[in-house]
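Enquirer: Below are the sequence and a predicted model; questions follow.
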2 protein chains.
Amino acid sequence: MSRAPKLRLYSYWRSSASYRVRIALELKGLAFDYLPVHLVKNAGEQHQSAYRAVNPQGRVPALEVDGHVVTQSPAILEYLEEAYPQPPLLPGDAFGRARVRSLAMIIVCDIQPLQNIAVTQYLKKPLGLGEAAVGAWLHEWIGRGLTAVEARLARDRETGRFCHGDTPTHADACLVPQCYAAGRVGLDLTAWPAIARINAECRELEAFRRAAPEAQPDAEQ
Amino acid sequence: MSRAPKLRLYSYWRSSASYRVRIALELKGLAFDYLPVHLVKNAGEQHQSAYRAVNPQGRVPALEVDGHVVTQSPAILEYLEEAYPQPPLLPGDAFGRARVRSLAMIIVCDIQPLQNIAVTQYLKKPLGLGEAAVGAWLHEWIGRGLTAVEARLARDRETGRFCHGDTPTHADACLVPQCYAAGRVGLDLTAWPAIARINAECRELEAFRRAAPEAQPDAEQ
C-alpha cells in the first residue's frame, strides 16, 4: 500500500469557502495540516506574495496535495470525492448527484460571491455605502438564496435528515457555512425552517463540530 | 438499446450560464429542444409561474431530462459528463479535472454572479447607481476574474490549444460565454492574451458556433 498523500489546507477560520472544505475533510476522516491565511490582517495575507505563490488568485481555500495545489472550494470538494470516495458525500445516482450539486451551487454561486469580503470592501469604497446599506445588500442576497434552497428542500421528497437523504452531502457542507454567515449578519434562520432543522442536525455531528470556525487554530474571540 | 432520453433546455440567448450548457450539449452532439425564457420581457419570464413550476429559483438554464429537471449550470455540466461521457469535457486524471473545474469556477463563482442581471438591477435600484458606476462595477469584477484565469493559463504547462490541453473542456465552455459577456460591456480581451487566443480557437469550432447567442432561435438584433 502506498503512503497516504500529505494534505495541507490553506484556510481562514471564518471563510465559508474554507469551512466547506474542512467539513468534507472531517467527514472523510482525513488528517491535514492547517495553514492559516488571515484575510483582514496585514491588508489581507491572501494578497501577499507568499500566498500568491500558492494561489495566484489570492483567495482561500487552497488544498495542497503532495505539491499539487487545488483551488476553488467546489473543485476541491469534487477532488476529495474522487480521491477519497469513502464515505461518499454525493449520492449514488446521477439525478441525485445533480440535485446535491444544484443545491450546493445555489449557495456557492448565487449567495457566497455576493457576501465575499472583496465585494463588501468595494461596496464601502469606492461605492461609499454605509453600514446599513451594506447590511441590506447582504440580507438581500443571502435571503434570496436561502429562500431558493428552502423551496427545494421543502418540495423535494429526496430531502431527509440532511439535504439529500440521511447522510451528509456536499449540499450540507455548503449549507452549514452559509447558515453561519447568515448568523454573522443577523439573519434569523426561523424564516427557513427546513434549513434551520438541517443546520441543527449537521451541527450535532462531530465532523461538523471539528470543522466549525470557532474550533480552528486561528479562531479569534 | 434503450431509447435516448429527451432533452429540453430552458435558455435565454444572451445568458452566459445558458450558453455554457449549450456548448457542452453541442460538443457532445446531443439533440435537444430549445425552450426560450426571456429574462427582460414581461418583467422577466423567469419569474412567471409557468417557469417557476420548472425551476422554483426562477433562473436559467434548466435542463429537463425525461421529466427530471436539473438546474444550475455547473451541476448540468457535471450531469451531462456522467450521462454522456463521450467526448469527455473533463481530463482523465484527477488533478487535471481539478484544474479544469478550478478554472471554470473562477468564472462561475467569482465573475458571473457579480454581472448577473439580478445584481445589476439591484445596483440601479435601490442603490441608485448610474450607468457609469454600473459599468465600472462590471469592469472591476470581470477584469479581476479574467486576470486570475489569465495568470493560471499563462503559468501552467497544462494549457494547450484550449484551457487544458488540445481538446475543449468545461473551462472553455465557461470561458467563451464570459468573453462574450466581457465584450458586451466594452472590455477588450487584448489585456488577456492567453484568454483571447483560446476564445478565438474555440469560436472556430462548429459546436461553439452552434451554441453562440446569435445562433439561437430567440436571438434579437
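Expert: Yep, that arrived.
Enquirer: after the helix or strand bottoming out on mean pLDDT in chain A, next one along is what?
Expert: The weakest-scoring helix or strand in chain A, judged by mean pLDDT, DSSP states H and E, is helix A:49-54 (a mean of 92). Downstream of helix A:49-54, the next assigned helix or strand under DSSP states H and E is strand A:62-65.
Enquirer: State the distance from residue A:10 to residue B:144.
Expert: Computed as CB to CB, to the nearest Å, the residue A:10 to residue B:144 distance reads 19 Å. For glycine as for every other residue, the C-beta is placed from the backbone atoms N, C-alpha and C.
Enquirer: Now stretch A:133-143: average pLDDT?
Expert: The predicted model gives stretch A:133-143 an average pLDDT of 98.
Enquirer: Any residue of that stretch touching chain B?
Expert: Yes: Stretch A:133-143 is in contact with chain B by CB under 8 Å from any CB of the partner chain, via A:133, A:136-137, A:140.
Enquirer: which ones are touching residue A:13?
Expert: A:36, A:213-214, A:216, A:218-220 (CB atoms under 8 Å, 6 or more residues apart in numbering or on different chains).
Enquirer: Quick one: residues in contact with stretch A:177-193.
Expert: A:14, A:16-17, A:19-20, A:23, A:107, A:111-112, A:115, A:135, A:138-139, A:142-143, A:145-147, A:149-150, A:154, A:195-196, A:199, A:212-213.
Enquirer: buried stuff in that stretch?
Expert: In terms of neighbour count (16 or more other CB atoms under 10 Å in any protein chain shown), stretch A:177-193 has its buried residues at A:177-182, A:187, A:189, A:192.
Enquirer: before we move on, back to that, tell me which two of the residues of stretch A:133-143 next to chain B sit farthest apart.
Expert: The most widely separated members of those, counting by CB to CB, are A:133 and A:140 (10.4 Å).
Enquirer: tell me the domain ranges of chain A?
Expert: Domain assignment for chain A, taken from automatic domain parsing, gives A:9-87, A:94-208.
Enquirer: Now restrict the residues of stretch A:133-143 next to chain B to buried residues only.
Expert: Among these, the ones that count as buried (16+ other CB under 10 Å) are residue A:137.
Enquirer: Kindly reformat the residues of stretch A:133-143 next to chain B as CSV and extend each row with distance to residue A:126.
Expert: Formatted as CSV, the residues of stretch A:133-143 next to chain B follow (distance: CB to CB, whole Å):
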residue, distance to residue A:126
A:133, 14
A:136, 18
A:137, 15
A:140, 20
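Enquirer: hang on, the earlier thing: residues in contact with the least confident helix or strand of chain A?
Expert: Under CB under 8 Å, 6+ apart, the answer for helix A:49-54 is A:10, A:37, A:45, A:58, A:62, A:64, A:69.
Enquirer: before we move on, back to that, export the domains of chain A to JSON lines and tack on distance to residue B:74?
Expert: Shown next, in JSON lines, are the domains of chain A (distance: least, CB to CB, whole Å):
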{"stretch": "domain A:9-87", "distance to residue B:74": "7"}
{"stretch": "domain A:94-208", "distance to residue B:74": "5"}
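Enquirer: for these, which one sits closest to residue B:170?
Expert: Closest to residue B:170 of the domains of chain A, according to CB to CB: domain A:9-87, at 10.3 Å.
Enquirer: what separates the closest one from the chain centre, distance-wise?
Expert: Chain-centre distance of domain A:9-87: 10 Å, with CA atoms, centre = their mean, to the nearest Å.
Enquirer: now do the same end-to-end measure for that domain.
Expert: Criterion CA to CA, to the nearest Å; first-to-last residue distance in domain A:9-87 is 20 Å.
Enquirer: Name the residues of the least confident helix or strand of chain A that are buried.
Expert: A:51, A:54.
Enquirer: got the CA positions of that helix in CSV?
Expert: Written as CSV, here are the backbone C-alpha positions of helix A:49-54 (Å, rounded to 0.1, in the frame of the first residue of the first chain):
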residue,chain,number,x,y,z
SER,A,49,3.5,37.2,-2.3
ALA,A,50,3.9,34.1,0.0
TYR,A,51,0.3,33.1,-0.5
ARG,A,52,0.1,34.3,-4.1
ALA,A,53,2.9,31.7,-4.9
VAL,A,54,0.4,29.1,-3.7
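Enquirer: Which PyMOL command selects the buried ones in the contacts of residue A:13?
Expert: This is the PyMOL syntax for the buried subset of those, where burial follows 16+ other CB under 10 Å:
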select buried, chain A and resi 36+213+216
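Enquirer: Narrow the contacts of residue A:13 to those in strands?
Expert: Among the contacts of residue A:13, DSSP state E puts residue A:36 in strands.
Enquirer: Need the max-distance pair from the contacts of residue A:13.
Expert: By the measure CB to CB, A:36 and A:214 form the most distant pair in the contacts of residue A:13, at 14.1 Å.
Enquirer: for chain A, what's the longest helix?
Expert: Ordering each helix of chain A by length in residues (DSSP state H) puts helix A:131-155 first.
Enquirer: and for that one, what are the contacting residues?
Expert: The contact list for helix A:131-155 (CB under 8 Å, 6+ apart) reads A:99, A:102-103, A:106-107, A:110-111, A:114-115, A:120, A:123-124, A:129, A:159, A:163, A:175, A:178, A:181-182, A:185-187, A:189, A:191-195, A:198, B:56-57, B:118, B:122, B:126-127.
Enquirer: Against chain B, how distant is residue A:63?
Expert: In this view, residue A:63 and chain B are 9 Å apart by CB to the nearest CB, to the nearest Å.
Enquirer: That residue against residue A:7, yeah?
Expert: Yes: contact between residue A:63 and residue A:7 holds when scored by CB atoms under 8 Å: they sit 6.5 Å apart.
Enquirer: Common neighbours of the two, please.
Expert: Counting by CB under 8 Å, 6+ apart, the shared contacts of residue A:63 and residue A:7 are residue A:32.
Enquirer: How confident was the prediction at residue A:2?
Expert: 62.
Enquirer: Check the one 5 residues further on too.
Expert: For residue A:7, the model assigns a pLDDT of 97.
Enquirer: My guess is it contacts residue A:26. True?
Expert: No: between residue A:7 and residue A:26 there is no contact under CB under 8 Å: 11.9 Å.
Enquirer: Who has more neighbours out of those two?
Expert: Legend: neighbour count by other CB atoms under 10 Å in any protein chain shown for residue A:7 and residue A:26, higher for residue A:26 (20 against 17).
Enquirer: So the more buried one: helix, strand or coil?
Expert: In three-state terms, and counting by DSSP: H, G, I helix; E, B strand; the rest coil, residue A:26 is helix.
Enquirer: hang on, isn't residue A:103 packed against residue A:163?
Expert: Yes: Residue A:103 is within contact range of residue A:163, at 5.6 Å (criterion: CB under 8 Å).
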